[in-house]
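Asker: I'd like to go over a predicted model; first the sequence, then the structure.
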Amino acid sequence: MKSVLLIGLGRFGRNIAIQLNQLGHEVMGVDVNEDRVNESMDFVTNAQIGDSTNEDFLRSLGVANYDICFVTISNDFQSSLETTCLLKELGAQFVVSRAERDGQEKFLLRNGADKVVYPEKQVARWAAIRYSSFNIHDYIELDEKHSLFNVSIPRDWIGKSIVQLDVRRKYNINIIGVDTDGVMSFTISPDTVLKENSTLLVLGEYKAVQKCFKL
C-alpha cells in the first residue's frame, strides 16, 4: 500500500482516485473546488479544499511524506506547472503530472515532474492500434518502441511449433505466452505447438508485430 497525494479532482483525477482506492492505496485528495472535494469523499482516505499554487498550503500537506504525488489539474496549465514545481521544491519523492496538449510535457519535466501522462494522446494511440486490426485483442505499451500484444494465431501457424516459426530471428519479436480457452500459459518452450482457437502474447515493436502478423 502506498500513500498518494492527488491534486485535482476533475474527471481524470476522480477516476485515478477511484482506481487507487480499489487497489488499496491511501489517497489524500485536494482541489480548489469544494463540490469536487465533497463528491470524492467515498473513494479517498482524506481530502482538503485548497489552492495548490499556494506554497504555505502545499507545505501544510507534508508533501515529502507521500510516496507519489499526482497533479491532475484540468484546464489550467499555469496552475499545474506551478504546483508541479512547488511539489519538487518542497521535497516530493515522485511527481506524476498530466499534460493536456502537445508541448506541455517538456515544460512539466523541466519543472519537477518525474513522469508525465497525456491521457488523450495515449488512449488515442491505444484505440488506433487496438481497433485498426481485428487480429489484435489487446495491447499494452511498455515504452515508445516496445509493447505487449495479444494477437490471433495466423491460420498457417496452427500445428507448428514455436521453433519452426522462428519469429524471434525473422521479426525480432518474442512469443511469451499462449492463451487457450481464456487461460494464459507462460510455460512455453521452443517445442510448444500452436493450436486452433488460441491467441499469443507477444513482445516487440509495433512495426515488427504488424509485419509478422500482417496486421
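Answerer: Right, received. Where do you want to start? Numbers count the residues shown, from 1 in each chain.
Asker: would you say Arg130 is within a helix?
Answerer: Yes: assignment of Arg130 by DSSP: H, G, I helix; E, B strand; the rest coil places it within a helix.
Asker: quick check: it touching Glu141?
Answerer: No: Arg130 lies out of contact with Glu141 (Cβ atoms under 8 Å); the separation is 10.7 Å. Heads up, the C-betas are built off the backbone N, CA and C, glycines and all.
Asker: common neighbours of those two, please.
Answerer: Counting by Cβ atoms under 8 Å, 6 or more residues apart in numbering, Arg130 and Glu141 have no shared contacts at all.
Asker: what separation do you get for Val116 and Lys160?
Answerer: Using Cβ to Cβ, to the nearest Å, one gets 43 Å for the distance from Val116 to Lys160.
Asker: just His25 next, same as before
Answerer: For His25, the distance to Lys160 - Cβ to Cβ - is 45 Å.
Asker: and for Leu203?
Answerer: 20 Å.
Asker: try Asn38
Answerer: Taking Cβ to Cβ, one finds Asn38 at 60 Å from Lys160.
Asker: same deal with Ile16?
Answerer: From Ile16 to Lys160 the distance is 44 Å (Cβ to Cβ).
Asker: likewise Ile176?
Answerer: For Ile176 relative to Lys160 (Cβ to Cβ), the value is 17 Å.
Asker: pLDDT below threshold where in the protein?
Answerer: 215 (pLDDT under 70).
Asker: give me the phi and psi angles of the residue of it positioned farthest from its centre.
Answerer: Largest separation from the mean C-alpha position in the chain: Gly159, at 35.7 Å (Cα atoms, centre = their mean). Per-residue torsions, Gly159: phi 90, psi 0 (degrees, to the nearest 10).
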